[in-house]
Structure formats: C-alpha cells, structure tokens
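Chemist: I'd like to go over a predicted model; first the sequence, then the structure.
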Amino acid sequence: MDAARLPPHDGAVLSVVDMHTGGEPLRIIVSGHPEVAGDTVLAKRRYARRHLDHLRRALLFEPRGHRDMYGALLVASELPEADLGVLFVHNEGYSTMCGHAVLALGRFAVDYGLVAEKKSPETQVNIHCPCGLVRAFVRYSHGKSGAVRFHSVPAFAFATDVSISVPGHGEVTVDISYGGAFYALVSAEQLGLDVSKSRTRDLVDVATAVTAAVKSEVKLHHPVHEDLSFLYGTILTDGKDAFSDTPTANVCVFADAQVDRSPTGSGVTARIALQHHKGLIQLNQTRTFRSGATGSLFTGEAVQETTCGDFKAVVVEVGGHAHYTGAASFVQESDDSLSGGFLLR
C-alpha cells in the first residue's frame with residue numbers, strides 16, 4: 001500500500017517540505033500555489049496578503065497545521081544576484097524577516113538544486129527576504145549539507161530605555177531593536193518571570209501585553225521602506241546582555257501570541273545590534289543564544305559596522321542547524337466545510 005498516494009479527490013494539491021530549526025517549524029511550499037503577482041518581493045508580500053491569504057490559513061492552521069506553524073512561500077526575486085525570493089507566513093500574516101527560516105532555506109536550496117553550483121566546504125545562497133538580501137552559507141561536504149550561517153541586513157537599535165505602561169506591571173523599561181523586523185526587548189525579571197522556568201502561558205501573556213503597550217505608545221519607522229515599520233513581537237530575555245562565554249536565554253513571542261521554539265534568528269540579530277550599540281559586545285565576538293522554550297542554540301556576532309539611513313548599524317552573522325521532518329501533499333476537497341483552516345482560541 002502506498003500511503004503517500006491520495007485516492008481520487010476534487011481538490012487542488014499543495015505540496016510542502018517540512019523542516020525545523022532549533023525546534024521551530026518551517027513548512028516550505030514547493031508546488032500547487034498560484035503565482036504571486038508583483039514587481040518586487042515587497043509588492044508580492046502585499047499581493048499575497050490581499051489576494052492569497054486563504055492559502056496561508058489553509059496550510060498553516062488546523063487541520064493541516066497549528067497556531068504556531070510557520071511557513072515559507074518561494075517567489076521570484078527582482079534582484080539578479082538572488083538565488084530565490086521568499087515570503088514568510090505565520091498565524092497573523094506575513095513577516096519581513098525570519099532567521100530560523102533562512103537557516104532552513106539555505107540547506108533546502110542546496111539540497112533541492114536552487115543554487116547554480118554546490119561548493120565544498122561551504123555554498124553561498126542569496127535569499128531575497130522582504131527586508132532585503134540575506135546571504136546564507138551552507139556547510140557542504142561529501143554530498144551532504146550541514147550547519148548554516150547567514151549575514152543579516154543592516155540591524156540597528158531603534159530606541160533604548162523606553163518607559164511604557166504595561167497593565168498589571170506598571171512602568172516597564174524596554175529597548176526596541178531591528179534585525180530585519182522590529183522587536184521590543186525586556187528582561188523577564190522586570191516582569192517577575194524567568195525565561196527558562198516560568199510557564200509558557202505566563203510568558204506569552206506578559207510578552208503580548210508588552211507588545212500591545214509598545215504599539216500603543218511608540219511610533220516606529222524604518223529609513224528604507226514603510227512596509228518594514230511595524231513591531232513584530234517582544235523578546236523576553238534573561239537580562240544577560242553583556243558579553244559572556246556562557247549562553248544567554250530568551251523567549252520570543254510574535255505575531256498573534258505565537259511562540260518561537262528556537263532562539264529566533266532575527267531576534268538574535270536584533271539583540272546583537274542592541275548589545276553592540278550599548279558597547280556590551282564588540283565586532284567578531286561570538287555569543288551563544290539559548291531558547292528558553294526548547295534549549296536549542298544559535299550563535300550570533302556583529303561582523304561589520306554599517307549604516308541604515310541615519311542609524312548606526314551592524315551586519316550580524318547568525319548560525320544554527322536545520323533538519324528535515326517530512327514532506328506532504330495537502331488537498332482542499334470541495335465538500336469539506338473546515339478545509340479553509342481554523343484555530344482554537
């Protein structure tokens with residue numbers, strides 16, 4: 001019996017490859033999705049949000065996924081140096097950057113022939129994300145892909161020591177930093193929690209309240225494109241921001257209270273940019289970041305000073321491992337009233 005072969009049905013087939021990076025899932029849509037219109041990756045992001053959102057819900061929500069599923073839709077890039085373009089999708093919509101996805105997509109691109117030439121010991125993969133071009137470097141030896149690192153778009157501290165009012169906690173001091181997406185960063189200790197020991201539900205509730213407060217009280221702007229000017233989520237840290245040889249832990253809550261199982265690649269980028277801005281880490285000092293949710297590890301370091309508009313910025317290198325978990329073909333049968341996807345609250 002071939003369990004992978006579907007019996008006759010009247011639905012279109014959407015095929016995916018599933019991976020995870022540090023425990024955070026990535027569902028890569030490889031076929032069956034209609035072409036996404038737009039002259040640029042950012043324009044394609046706007047088009048998908050307005051016209052193709054039903055497919056995001058069908059692929060990520062139940063019964064095919066869950067509220068914390070994450071996805072990547074491969075699209076054409078307008079940049080000649082890009083090997084692929086990508087749109088990132090989650091439970092609320094469309095992100096501008098996702099580091100765990102870039103780590104997985106780097107390995108995927110090498111294994112599935114999306115780069116012109118595989119090189120040993122490392123193959124470069126240029127991935128055009130909505131925030132800009134990100135360069136991934138995939139270990140490749142004896143016909144097998146391995147660890148991946150990437151160089152970020154310019155990352156910068158947007159605002160430091162911002163006082164906000166969080167219901168139930170009073171005045172809380174947060175930093176806001178950009179790593180391809182904007183995050184509020186705050187020590188969990190300020191809020192009476194521990195990122196490695198507190199209940200996930202408590203961390204989610206507090207982070208969600210911080211995100212709401214920052215959105216209400218702080219106006220964000222990005223110097224390159226207004227499509228990037230929104231707060232993606234809140235990262236609760238262990239407060240260990242000064243450079244150290246021991247890992248520093250964090251938990252990222254983004255989109256609609258979605259919990260990142262990994263240390264969060266764009267979050268590591270934002271944390272490194274903030275630490276460099278504060279003089280807590282120098283160029284080429286490698287830090288290890290641990291997920292408070294799963295214990296998985298990423299590395300991060302500032303490798304180059306640069307600018308982004310009027311902001312002093314750094315290019316950050318993030319490293320980690322991505323693994324395959326499976327492949328699937330999904331259908332939406334016409335008489336299935338739940339085919340469009342749903343989430344339980």
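Modeler: Now that the structure is in, tell me what you want to look at. Residues are numbered from 1 along each chain as shown.
Chemist: alpha carbons only for contacts and neighbour counts from here, please
Modeler: OK.
Chemist: can you pull out the helices in the stretch 201-345 of the chain?
Modeler: 265-277 (DSSP state H, counting those that start in this stretch).
Chemist: typo on my end, the stretch 1-150 of the chain
Modeler: Going by DSSP H, counting those that start in this stretch, the stretch 1-150 of the chain shows helices at 41-51, 53-60, 99-111.
Chemist: buried sites along the first one?
Modeler: Okay, so that is helix 41-51. Along helix 41-51, these residues count as buried under the neighbour rule (16 or more other C-alpha atoms under 10 Å): 41-42, 44-46, 48.
Chemist: burial of Gly168, as a residue count?
Modeler: 9 (other C-alpha atoms under 10 Å).
Chemist: name the SS class of it, please.
Modeler: coil (DSSP: H, G, I helix; E, B strand; the rest coil).
Chemist: quick one: residues contacting Ser152.
Modeler: Applying C-alpha atoms under 8 Å, 6 or more residues apart in numbering to Ser152 gives the contacts 133-135, 179-180, 269, 315-318.
Chemist: and with 10 Å instead?
Modeler: 97, 99, 102, 131-136, 179-180, 265-266, 269-270, 302-303, 314-318 (C-alpha atoms under 10 Å, 6 or more residues apart in numbering).
Chemist: give me the pLDDT for it.
Modeler: pLDDT, Ser152: 98.
Chemist: distance of Glu62 relative to Arg345?
Modeler: 12 Å (C-alpha to C-alpha, to the nearest Å).
Chemist: nope, Gly320 is what I meant
Modeler: For Gly320 relative to Arg345 (C-alpha to C-alpha), the value is 32 Å.
Chemist: got it, and Cys131?
Modeler: Counting by C-alpha to C-alpha, the gap from Cys131 to Arg345 is 31 Å.
Chemist: cool, and Ala58?
Modeler: Distance from Ala58 to Arg345, by C-alpha to C-alpha: 17 Å.
Chemist: and these two? Which one has more around it.
Modeler: Neighbours were counted for Ala58 and for Arg345 using other C-alpha under 10 Å; Ala58 has more, 21 against 4.
Chemist: next one, pLDDT for that one please.
Modeler: 97.
Chemist: who's in contact with it?
Modeler: 14, 64-65, 330-332, 338-342.
Chemist: from those residues, pick the one nearest Pro154.
Modeler: Of all the contacts of Ala58, Pro154 sits closest to Gly65, with 32.8 Å by C-alpha to C-alpha.
Chemist: which one is the closest one nearest to, not counting chain neighbours?
Modeler: Leu59 (6.5 Å; C-alpha to C-alpha, 6 or more residues apart in numbering).
Chemist: OK, contacts around the nearest residue to Leu79 once chain neighbours are set aside?
Modeler: Closest residue in space to Leu79, ignoring its immediate chain neighbours: His128 at 7.7 Å, by C-alpha to C-alpha, 6+ apart. Residues in contact with His128 (C-alpha under 10 Å, 6+ apart) are 40-42, 74-79, 81-87, 97, 102, 134-135.
Chemist: that older thread, may I see the helices of the stretch 1-150 of the chain organised as TSV, with distance to Lys240 added?
Modeler: Formatted as TSV, the helices of the stretch 1-150 of the chain follow (distance: least, C-alpha to C-alpha, whole Å):
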stretch	distance to Lys240
helix 41-51	35
helix 53-60	34
helix 99-111	21
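Chemist: now do the shared contacts for Glu62 and Arg345.
Modeler: Common neighbours of Glu62 and Arg345 (C-alpha under 10 Å, 6+ apart) do not exist.
Chemist: burial measure for Gly326, as a count.
Modeler: Neighbours around Gly326, by other C-alpha under 10 Å: 11.
Chemist: oh, I was asking about His225
Modeler: 10.
Chemist: may I see the buried residues of stretch 56-74?
Modeler: Of the residues in stretch 56-74, those buried (16+ other C-alpha under 10 Å) are 56-62, 64-74.
Chemist: try stretch 134-153
Modeler: Per 16+ other C-alpha under 10 Å, stretch 134-153 contains these buried residues: 134-140, 145-153.
Chemist: re earlier: and the contacts of His128, which are buried?
Modeler: Buried by 16+ other C-alpha under 10 Å: 40-42, 74-77, 79, 82-87, 97, 102, 134-135, out of the contacts of His128.
Chemist: quick one, what contacts Asp245?
Modeler: 285-288.
Chemist: now a ChimeraX select for only the buried ones of those residues.
Modeler: What follows is the ChimeraX syntax selecting those of those that are buried according to 16+ other C-alpha under 10 Å:
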select :286,287,288
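Chemist: so of the contacts of Ala58, which ones are in strands?
Modeler: When the contacts of Ala58 are checked against strands (DSSP state E), the matches are 14, 330-331.
Chemist: what's the closest of those to Thr307?
Modeler: Leu14 (40.9 Å).
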